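>>> let me see the structure of the following:
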Amino acid sequence: MTTAAPAPDSLARLVDDISHARLHARPLAWPGAMPPDLPAAYAAALAVRAARMAAGEQPAGYKVGFTNRTIWPRYGVYAPIWGTVWQNTLTQVDASGPNAGVVSLAGLCEPRIEPELVFGLKSAPPPACTLAQLADAVAWVAHGFEIVHTHFTGWKFSAAQAVADEGLHGHLLVGRPVMLPPGASADTLARALSGLQLRLYGDGELKDEGMGENVLDGPMQALLHFVHEIHATPGAPALKAGDVVTTGTLTDAWPVLSGQTWHTELAASGPVAGQLEGLRIRFA
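Next up is the predicted model:
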């Protein structure tokens with residue numbers, strides 16, 4: 001991933017445009033917000049991240065997007081992307097209560113729901129890690145909903161624009177985590193999560209179905225791809241213990257509205273995958 005760095009003035013304008021769009025929930029100008037390529041887009045996204053941290057916001061982890069190859073033609077994006085998840089855009093269910101949560105759609109533009117699998121890191125995976133080394137770095141896995149949104153009207157954007165637009169991340173609800181047992185087999189875990197089956201319901205109506213294998217052949221494989229990609233991105237932050245990483249939607253992304261309730265049903269086998277639960281979300 002090499003290219004000439006964007007000119008400082010053009011990068012500053014792009015960062016200002018993205019920040020203004022998020023703060024005011026307004027569309028980005030087209031073609032004004034046009035990073036020329038993915039490296040320039042990641043430079044803009046990392047500059048936005050730095051500005052948010054300077055303003056006091058704290059990162060919680062990362063989202064990996066467009067890992068589901070079945071939806072690439074719909075959005076015109078043909079490779080995975082990644083962005084930052086923030087402490088104030090992360091909600092985790094109460095472990096002692098129902099596997100459910102409430103998320104506000106305030107401030108989000110054209111929000112959509114994505115059912116995903118989420119990992120929590122207990123240590124930083126090495127840059128060129130194997131699947132086994134990755135499993136050793138994972139503390140837990142959970143089912144979650146990422147609420148994605150876009151500042152490009154009608155969900156029409158390039159891959160570079162999606163990256164610059166903070167990876168399209170809006171909010172992440174994480175369900176009850178399942179801890180990985182010590183010495184868990186990476187291959188067994190990867191196969192079990194790849195075989196997970198999911199049904200997505202909106203206000204009680206079946207909307208879509210998906211499988212773990214839809215995301216780059218499986219959520220563990222998607223996580224491994226992300227680890228390699230973030231280490232290859234100039235200026236990207238280092239992964240660390242406690243980071244949360246959500247690995248992409250198992251179905252298409254569906255438009256959502258305040259007042260709706262969505263839920264999932266899961267079917268899986270294995271000591272970890274078989275313990276994952278369906279998740280419910282209500283939109284305020």
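
>>> pLDDT score assigned to residue 29?
Residue 29 is assigned 77 on the pLDDT scale.

>>> identify the residue nearest it in space, chain neighbours excluded?
residue 17 (6.8 Å; Cβ to Cβ, 6 or more residues apart in numbering). C-beta: built from backbone N, CA, C; applies to glycine.

>>> now the one you found: which helix or strand?
helix 8-24 (DSSP states H and E).

>>> of all the residues in that helix, which ones are buried?
For helix 8-24, burial by neighbour count (16 or more other Cβ atoms under 10 Å) applies to 11, 14-15, 17-19, 21-22.

>>> and residue 37, backbone torsions?
phi -160, psi 180 (degrees, to the nearest 10).

>>> my guess is it contacts residue 161. True?
No - if you go by Cβ atoms under 8 Å, residue 37 and residue 161 don't touch, sitting 11.0 Å apart.

>>> hey, which helix or strand in this structure has the poorest pLDDT?
helix 72-75 (a mean of 83; mean pLDDT, DSSP states H and E).

>>> next SSE after that helix?
Per DSSP H and E, the first helix or strand lying C-terminal to helix 72-75 is strand 81-86.

>>> hmm, back to that, let's have the buried residues of helix 8-24 in JSON lines, adding distance to residue 195 and pLDDT.
Shown next, in JSON lines, are the buried residues of helix 8-24 (distance: Cβ to Cβ, whole Å; pLDDT from 0 to 100):
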{"residue": "11", "distance to residue 195": "43", "pLDDT": "83"}
{"residue": "14", "distance to residue 195": "42", "pLDDT": "85"}
{"residue": "15", "distance to residue 195": "42", "pLDDT": "86"}
{"residue": "17", "distance to residue 195": "43", "pLDDT": "90"}
{"residue": "18", "distance to residue 195": "38", "pLDDT": "91"}
{"residue": "19", "distance to residue 195": "41", "pLDDT": "91"}
{"residue": "21", "distance to residue 195": "39", "pLDDT": "93"}
{"residue": "22", "distance to residue 195": "37", "pLDDT": "94"}
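
>>> CSV for those residues, including distance to residue 67?
CSV is the format used below for those (distance: Cβ to Cβ, whole Å):
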residue, distance to residue 67
11, 27
14, 25
15, 26
17, 27
18, 23
19, 27
21, 25
22, 23
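
>>> between those, which is closest to residue 174?
residue 22 (21.8 Å; Cβ to Cβ).

>>> how far away is that closest one from residue 107?
8 Å (Cβ to Cβ, to the nearest Å).

>>> tell me which stretches of the stretch 51-200 of the chain form strands.
Counting by DSSP state E, counting those that start in this stretch, one finds strands in the stretch 51-200 of the chain at the ranges 59-65, 81-86, 90-92, 100-103, 112-121, 138-148, 169-174, 178-179, 197-202.

>>> closest one to residue 260 among the ones you listed?
strand 197-202 (6.2 Å).
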